[in-house]
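J.: got a structure for you, letters missing:
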DNA sequence: TTGAAAGCGCTAACAA
DNA sequence: TTGTTAGCGCTTTCAA
């Protein structure tokens, strides 16, 4: 059933069908009813594809995210889709699994599908392929909004958090709790938040006159397995840290896994502070102190920003609407050493 | 840049461009090179929209899921997208938040976007609007695959788990551990898995000659808040249960939240068995026994099934390819009462 | 081996 | 207030 068919059945022209369905132009009420009746009777649903081709616009926005299984990102998507729905956009979901190659492929898909815009958490800060692709997209009229991770050498719109200050404050809390030997499990070197969180850590240490032995900076990758490994290495040092700062939720989990398996007690043997909260642990009041922020809101803001881009598209878009959402240091006790 | 433009620049016709880009028909190697060069030079990316309209087919599949923030579903999506990628399909993600209205809206989107197929976890077993819509989609050549939740009055393809036997076995484990007063926090009445898991519970109780006081069946909705509330009600009974069976992961978390806040100890005060595992708790070896299955694999199977539908579409599709994936009862001790 | 042209289902300018 | 028609950017048949 297409527009011509339905027009025939309703005894009008396809233009009239179009007018009725899009509330555009003048249509006599009587004709309108006739059309609506036919549409209903034959269950006619117009082809969004044909419409897109005709008006050169679409209702789909791309969402490129590293790891949907990470609760941080599932909340981000949740926020994005909440706002997207209110504008009747639908979401084309693309998960990169932290693979650059996939990221590049997906950017091509955004272009070939002529998506209306794209929200992306790019894997690497420095990858120029992604950056150039994003620039091209913007140039060809497809707005780009970054979420959480920034890109070097270009000023895209985006929703970020002050990672450096966040982890600075987090590490400071460890220091105030009396720790001097504090280690970090970092994120991947290429990720902006990873680097910034590490910077915040280093700054806090420096500002407090604490030294950071090279081995205290354990290179993680924001994933459980690596963090597990790092924790083992850190605690195996001749002079192990008394506290560990983990750079994201999965690093925290990996660290906890190690501690648990080796019967190392938080508070007694080692203290902990993580970036990003872990919902399930909160349910059982398993008290890990964290630097937290509202991931859902971050997603919502990203979609709102994208919408603004759509609205501004006529005017001379001023680039670089960058939002920073607040973070909060939540102290639950894991930063203390129990001095029993 | 469209196909005509690029054809002009390459000095050939648009038909030739199409042939080269789709590896269809004969093209002299020399011309091919010329075309590829131009395509590369001008960064030409053909419009998937125009292509879709022309060939009356698309590369997008719809995924309608209740709650992306539930780790079960984020794993399902992860599995779906893993397989989808291997076929170069992209995923249009639609999250219903367990709202029927949204589910219906999204089914309309599937139709209007002329998606190639749809994978859905329908909210309700009995909602006829959704059922009829799904039937219509199939009729109009858009295959449907169900994930986890079935629909009454139609035999759609799908990937399920034997919920009844699963919870039967789970509850049996509680019984073997010596419990006689066992309560359940159910799922919503309209959900098939919810009902089946409840059936399994009832069956296990009956087969063991145990009575089920009406108040022991606490009506949950697969969400944390309600399960929290139910737990309170159950434990407030004059004759409270000694064990609780929770019908999904969020119910388990809600229950745990209540227990934790009220300093009720698992094992000492009450025993527990849940449906679906919770990753974060496993990291810290917080031992809750569960009936578990591979959510990721369930997603993969769903997408594989959908692909089969695509392949069969020419032949007389035999309906009702229904896959049942295995479950496993994982005993971690929370089913026991510590008789210290 | 290539090109011309019709057609996919819709929108919108123009005419009536 | 309505209809005719020329696109939108591709694919594919048919002819050359």
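T.: Done, it's in. No experiment lies behind these values; they were computed from the predicted model shown. Residues are numbered from 1 along each chain as shown, chains lettered A, B, ... in the order given.

J.: any low-confidence regions in chain A?
T.: Residue ranges of chain A with pLDDT under 70: A:314-319, A:339-340.

J.: just say helix, strand or coil for residue A:179.
T.: At residue A:179, secondary structure determined by DSSP: H, G, I helix; E, B strand; the rest coil is coil.

J.: so it sits right up against residue A:244, yeah?
T.: No: judged on Cβ atoms under 8 Å, residue A:179 makes no contact with residue A:244 at a distance of 9.7 Å. All C-beta spots, glycine's among them, are computed from the backbone N, C-alpha and C.

J.: the more surrounded of the two?
T.: Set side by side, residue A:179 and residue A:244 show more neighbours around residue A:244, with 31 against 24, by other Cβ atoms under 10 Å in any protein chain shown.

J.: counting contacts, what elements does the helix or strand harbouring the more buried one pack onto?
T.: Assigned by DSSP states H and E, residue A:244 falls within strand A:243-246. Where contact means 3 or more Cβ pairs under 8 Å, 6 or more residues apart in numbering or on different chains; DSSP states H and E, strand A:243-246 is packed against helix A:163-176, strand A:182-185, helix A:224-235, helix A:249-261, strand A:271-275.

J.: which outside residues touch the fourth one?
T.: Helix A:249-261 has contacts (Cβ atoms under 8 Å, 6 or more residues apart in numbering or on different chains) with A:70-72, A:185, A:187, A:220, A:222-232, A:235, A:244, A:246, A:264-266, A:269-270, A:272, A:274-278, A:288, A:290, B:279-280, B:283-285.

J.: just the buried positions in that helix, please.
T.: A:249-260 (16 or more other Cβ atoms under 10 Å in any protein chain shown).

J.: do the same with the last one
T.: For strand A:271-275, a neighbour-count test (16+ other Cβ under 10 Å) marks A:271-275 as buried.

J.: nearest to residue A:169 among those?
T.: residue A:273 (9.7 Å; Cβ to Cβ).

J.: ok, now which ones touch that closest one?
T.: Contacts of residue A:273 (Cβ under 8 Å, 6+ apart): A:170-171, A:173-174, A:243-246, A:288-291, A:334-335.

J.: cutoff 6 Å now
T.: Residues near residue A:273 by Cβ atoms under 6 Å, 6 or more residues apart in numbering or on different chains: A:170, A:174, A:245, A:289, A:335.

J.: show me where chain A has strands.
T.: A:60-65, A:90-95, A:117-120, A:144-147, A:157-161, A:182-185, A:217-218, A:243-246, A:271-275, A:289-293, A:322-325, A:327-330 (DSSP state E).

J.: give me the neighbour count for the residue nearest to residue A:271 when sequence neighbours are not counted.
T.: Leaving out its chain neighbours, the residue that sits closest to residue A:271 by Cβ to Cβ, 6 or more residues apart in numbering or on different chains is residue A:243, at 3.9 Å. For residue A:243, the count of nearby residues is 25 (other Cβ under 10 Å).

J.: next one: residue A:223
T.: Around residue A:223 there are 18 residues (other Cβ under 10 Å).

J.: quick one: residue A:114 and residue B:50 touch, right?
T.: No: with contact defined as Cβ atoms under 6 Å, residue A:114 does not reach residue B:50; the gap is 8.8 Å.

J.: okay, the two: which has more neighbours?
T.: Ranked by neighbour count (other Cβ under 10 Å), residue A:114 and residue B:50 place residue A:114 first, with 20 against 16.

J.: show me what contacts the more buried one?
T.: Each residue near residue A:114 by Cβ under 6 Å, 6+ apart is listed here: A:58, B:47, B:49.

J.: do that again at 8 Å, thanks
T.: With Cβ under 8 Å, 6+ apart, residue A:114 has these contacts: A:52, A:58, A:142, B:47-49.

J.: how many residues are close by the closest residue in space to residue A:143 that isn't next to it in sequence?
T.: Closest residue to residue A:143 apart from its sequence neighbours, by Cβ to Cβ, 6+ apart: residue A:309 at 3.5 Å. Burial of residue A:309 is recorded as 20 neighbouring residues (other Cβ under 10 Å).

J.: again with residue A:9
T.: So residue A:9, with other Cβ under 10 Å, has 18 neighbours.

J.: right, and it touches residue A:39 too?
T.: No: the pair residue A:9 and residue A:39 fails to qualify as a contact (Cβ under 8 Å) at a distance of 9.4 Å.

J.: can I get the buried residues of helix A:249-261 in TSV with distance to residue B:15?
T.: Output for these, formatted as TSV (distance: Cβ to Cβ, whole Å):
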residue	distance to residue B:15
A:249	53
A:250	51
A:251	54
A:252	58
A:253	56
A:254	55
A:255	60
A:256	61
A:257	59
A:258	62
A:259	65
A:260	64
